[in-house]
Structure formats: structure tokens, C-alpha cells
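pasting a predicted model and its sequence here:
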Protein chains: 2
Amino acid sequence: MPPVIPDKRSRLVDAAVRLVHRQGFHRTTLADVAGESRVPLGNLYYYFRTKDALGKALIDRYVGRYEELRAQWDAMPDPRARLDAFIQMTADNREMLARSGCTIGSLTSELRKDDGDLATSATRLFDHLLQWLEAQFRLLGRSKPDARGLAIHLLSALEGASLLAHNFGSAKYAAQEAALLRRWVRDL
Amino acid sequence: MPPVIPDKRSRLVDAAVRLVHRQGFHRTTLADVAGESRVPLGNLYYYFRTKDALGKALIDRYVGRYEELRAQWDAMPDPRARLDAFIQMTADNREMLARSGCTIGSLTSELRKDDGDLATSATRLFDHLLQWLEAQFRLLGRSKPDARGLAIHLLSALEGASLLAHNFGSAKYAAQEAALLRRWVRDL
DNA sequence: GTCTATATGTGGATAGAC
DNA sequence: GTCTATCCACATATAGAC
């Protein structure tokens, strides 16, 4: 049986994920994506009629990733352990965060300054995440507005720490803030 | 006496500040900047030989702004009041943050993905800020590593909240997180 | 479905008159 | 110092053969 080679569409999105994270969406050309995935440029247009279409597929890919992670976290019995796992992810990815920042954070920050549909379609990523976080704090007995505030605080702190790690090119910022937030959740 | 018209160089940087904040650096063309500041495109190159040179002037402008703010804050006798004023700035600017995000945060996040000098020159903005914050926490009696961690936490949370406000196009995220952080500083 | 060649538009940058 | 006209590189997108 030959090794499984992902279909071209997936390969294109895979390449786009890597390149966009490293270079940003606007600075990543379709020729870059075609080259990285070893698909001729003209052929790329068979799968994605415009660059925006590729952008949407990129966002869909992130949504899919998030749903997988969420399923893993939801398998844990304790909401506190779930939050801990969520925070730990930032510590685990600290080197990548130092190199290129948070995939979602930097993408939304970039795309929100555009005017087309892409500007709004990145929004839903954080929306899902915040709702899930809010649900965990509610399970810890917090009132609805209180839980919302804590969810925003936690996500803000992690996104900001990723931004700083990226700004300074140093994983320490992500690691240190993650450690602080883990203690914060433990003592809540 | 005729009204004071800022010299062309300043006008160009002023226009760049507005446009880059709204559209991002890469999507802001030199023609945009020339148009906004009513300077013919060819003439712009007399003041800035390359787009990167304009980018550096942009960063210098932000450094200047920050030094003015810092002088105001340092005039306050109490470090707790200084931190409070720092946080309050995010609440005051919440509508602007919802529209275009944090000027420094989104600029550094964008430029850090480039390879030239610009990528590193945006870094110093947060560096100055963190050092000042750390000094305030030290004045509150914290140990050096402790103060550093608190400074990172505070800046992270505010930058993350700005990112969320921008992502959702809603000032609430900035306002709510600022309120939470003011209570946090008060009770430290 | 695949791929080469190319059209089209745009943006940074320069030439050179004034 | 100022401004018009233009060059050139490059990125998105298309045409059309296979």
C-alpha cells in the first residue's frame, strides 16, 4: 500500500497555514503557497478561485483544530483541569509563539483591518473559545456575568502574553504568564 | 499671524499614523499617505527615501508620544495612582481600540513577521513600557522578579483585551477588562 | 483535472523639468 | 525643494492547450 498522500486541497491549506503564520496573510503570495505545496500556480486556482477563498479555508481549518482540542478538554471530568490544560497549551507552544505569535490572534488582528468578508469571518474563532471558557467558569459556580468577565480576562492575558513573546522573540513571556494564570485558576 | 501649518514631514507622519492604524502598514500605500497629507507622491520621497524609512519615523513618533504620557504619569506621587492612570487609558480609548486595535500591538504584530530592520525596531516600544511598569510595582514593595511578572501580566491583559475588542468590534471587552484590572491593582 | 504562458492591475521607486 | 510622468517588479487572476 503506498503512503497516504493528502489530497491537493489539503496540502494547499496545510502550506497556507504554515506560511501565513510565519509571514502574515498579505505578505504570503499564492505563488508561495503553490511552491510550498508543490502544486503549480495555475492549478491552485482550480481549488481556490480567489485568495480570499483560500483565506476562508484557512479559518475553517483553525475551527476544525479548535473543535478537536475542545473534544479532548471536554473529556476531562473537572472544569478546573480543563482550564489548566487550556493554559498549559500556551506554555507548551511557547517557542512557536515567540517565533510567529498566536496563529489566531495575529490572523484576526491582520484581517480585521481589511474591508471584505474575510475581516469578519475570523471573528468567530475567539467567539467559540470565549463561550467555552465562560461555561467552565460557570461550572465552577460563578454567576453568568462573573464567568464572562473571567473568561475575557483569561483569554486576554494569554493572547497578550503571546503578543509580547512574539514582540520580544522570547518564549519566557508566554511561559511566565501561563504559570501565573495556572496559579490564578488553582486559587480561584 | 498665519495659522501654524505643520511642516510637510510631520504632516506625512501624521497621515501615516492614522492610515497605518486603520489599514495596517502593508496595506497602506505611499499614495494613500501622500493623498491624505496633500503632498504629491513624488515629493514624499524627498522626506522618506523608502517606505521603511517612513515606518521608522512612525515608530519614533510612537516613542515620542509614550514619553509624553510617561512624563504625565511620573508627575503623580503615588505608584498605585500611576498604574491606575495607565489602565484607565485603555478604558478611555475603548472605541478606538474596537475600531482598529492597539496602535502599538497591531503594528508590532504585523511588522515582526517581516525580515528587514523594521521587524526589530518596533520591539523597543513594549520594552520601555514594561520597564516603567516594573518600576512601579517595585515602588509598591515587590521583589524584582515579582514586579517583572506583574508588569508582564498587566501589559498582557491590556493588550489581549484590545485584541479582543478589535476582533469583536466592541468596546466592551476593553472597558470590562480595564475595570477588572483596576480592582486588581487596588487590592494588590 | 492539470499545467504553461500571459494578461492586468498596482505599488514602490526614479527621472528629470521646474 | 517641488511635482509630473513613468519605469519596473511583482501579485492576483485568466486563457487555453493537454
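Structure received.

what does chain A have sitting close to chain B?
Proximity of chain A to chain B is confined to A:22-24, A:26-27, A:100-101, A:105-106, A:108-110, A:112-114, A:122-123, A:126-127, A:130, A:149, A:152-153, A:155-161, A:163-164, A:166-169, A:173, A:176-177, A:180 under the rule Cβ under 8 Å from any Cβ of the partner chain. C-beta: built from backbone N, CA, C; applies to glycine.

of the residues you listed, which belong to helices?
A:22-23, A:100, A:105-106, A:108-110, A:123, A:126-127, A:130, A:149, A:152-153, A:155-161, A:163-164, A:166-168, A:173, A:176-177, A:180 (DSSP state H).

so among those, which ones count as buried?
When those are checked for burial by 16 or more other Cβ atoms under 10 Å in any protein chain shown, the buried set is A:23, A:100, A:105-106, A:108-110, A:123, A:126, A:130, A:149, A:152-153, A:155-161, A:163-164, A:166-168, A:173, A:176-177, A:180.

lowest-scoring secondary structure element of chain A by mean pLDDT?
Lowest by mean pLDDT, DSSP states H and E among the helices and strands of chain A is helix A:118-121, with a mean of 93.

and that helix, what does it pack onto?
The elements that helix A:118-121 packs onto, with contact taken as 3 or more Cβ pairs under 8 Å, 6 or more residues apart in numbering or on different chains; DSSP states H and E, are helix A:51-74, helix A:103-111.

which of those sits most buried?
Highest mean neighbour count among the helices and strands packed on helix A:118-121 (mean count of other Cβ atoms under 10 Å in any protein chain shown): helix A:103-111, with a mean of 25.

ok, that helix near DNA strand D or not?
No. Taking Cβ under 7 Å from any atom of the strand as the criterion, helix A:103-111 and DNA strand D are apart, separated by no less than 13.4 Å.

show me what that helix is packed up against.
So helix A:103-111, by 3+ Cβ pairs under 8 Å, 6+ apart, packs with helix A:8-23, helix A:51-74, helix A:118-121, helix A:123-139, helix A:144-168, helix B:103-111, helix B:144-168.

contacts for that helix, please.
A:17, A:20-21, A:24-26, A:55, A:58-59, A:62, A:100, A:118-119, A:121-123, A:125-126, A:159, A:162-163, A:166, B:24, B:101, B:105-106, B:109-110, B:113, B:163, B:166-167 (Cβ atoms under 8 Å, 6 or more residues apart in numbering or on different chains).

out of those, which are close to DNA strand C?
Of those, not one also sits near DNA strand C (Cβ under 7 Å from any atom of the strand).

now the helices and strands packed on helix A:118-121 in TSV, please, with extra columns for distance to A:N93 and mean pLDDT.
Converted to TSV, the helices and strands packed on helix A:118-121 look like this (distance: least, Cβ to Cβ, whole Å; pLDDT from 0 to 100):
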stretch	distance to A:N93	mean pLDDT
helix A:51-74	12	97
helix A:103-111	9	98
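
would you turn those into a markdown table with distance to B:L188?
Formatted as a markdown table, these follow (distance: least, Cβ to Cβ, whole Å):
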| stretch | distance to B:L188 |
| --- | --- |
| helix A:51-74 | 31 |
| helix A:103-111 | 27 |
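
flag every residue of chain A that's near DNA strand C.
So far as Cβ under 7 Å from any atom of the strand goes, chain A lies against DNA strand C at A:8, A:39-43, A:45-46.

just those now: which is nearest B:E95?
A:Y45 (40.5 Å; Cβ to Cβ).

where's A:V33 relative to A:K8, distance?
For A:V33, the distance to A:K8 equals 11 Å [Cβ to Cβ, to the nearest Å].

more neighbours: which of the two?
A:V33 (25 against 15; other Cβ atoms under 10 Å in any protein chain shown).

what does the helix or strand where the more buried one lies rub up against?
Following DSSP states H and E, one finds A:V33 within helix A:30-36. Helix A:30-36 has contacts (Cβ under 8 Å, 6+ apart) with A:12, A:15-16, A:18-19, A:23, A:40-41, A:43-44, A:51, A:54.

where does chain A dip in pLDDT?
Where chain A drops to pLDDT under 70, the residues are A:1-5.

DNA strand D contacts on that one?
A:28-31, A:41-42, A:45, A:49-52.

let's go with 6 Å and repeat that
By Cβ under 6 Å from any atom of the strand, the part of chain A that sits against DNA strand D consists of A:29-31, A:41-42, A:45, A:49-51.

need the residues that contact stretch A:10-22.
Outside stretch A:10-22, the residues that reach it (Cβ under 8 Å, 6+ apart) are A:6, A:28, A:32-34, A:36-39, A:44, A:47-48, A:54, A:57-58, A:61, A:99-101, A:103, A:106-107, B:113.

at 7 Å what do you get?
A:28, A:32-33, A:36-37, A:39, A:44, A:47, A:54, A:57-58, A:61, A:100, A:103, A:107, B:113 (Cβ atoms under 7 Å, 6 or more residues apart in numbering or on different chains).

quick one: which of those is nearest DNA strand C?
Taking Cβ to the nearest atom of the strand as the measure, DNA strand C lies nearest A:V39 of the contacts of stretch A:10-22, at 5.8 Å.

isn't that closest one up against A:K8?
Yes. A:V39 is in contact with A:K8 according to Cβ atoms under 7 Å; the separation is 5.6 Å.

what residues are shared contacts of those two?
By Cβ under 7 Å, 6+ apart, no residue touches both A:V39 and A:K8.

distance of the residue nearest the centre of chain A from B:N43?
Centre of chain A computed as the mean C-alpha position; nearest residue by Cα atoms, centre = their mean is A:I104, 3.6 Å away. The spacing between A:I104 and B:N43, counted by Cβ to Cβ, is 41 Å.

all good on my end, thank you.
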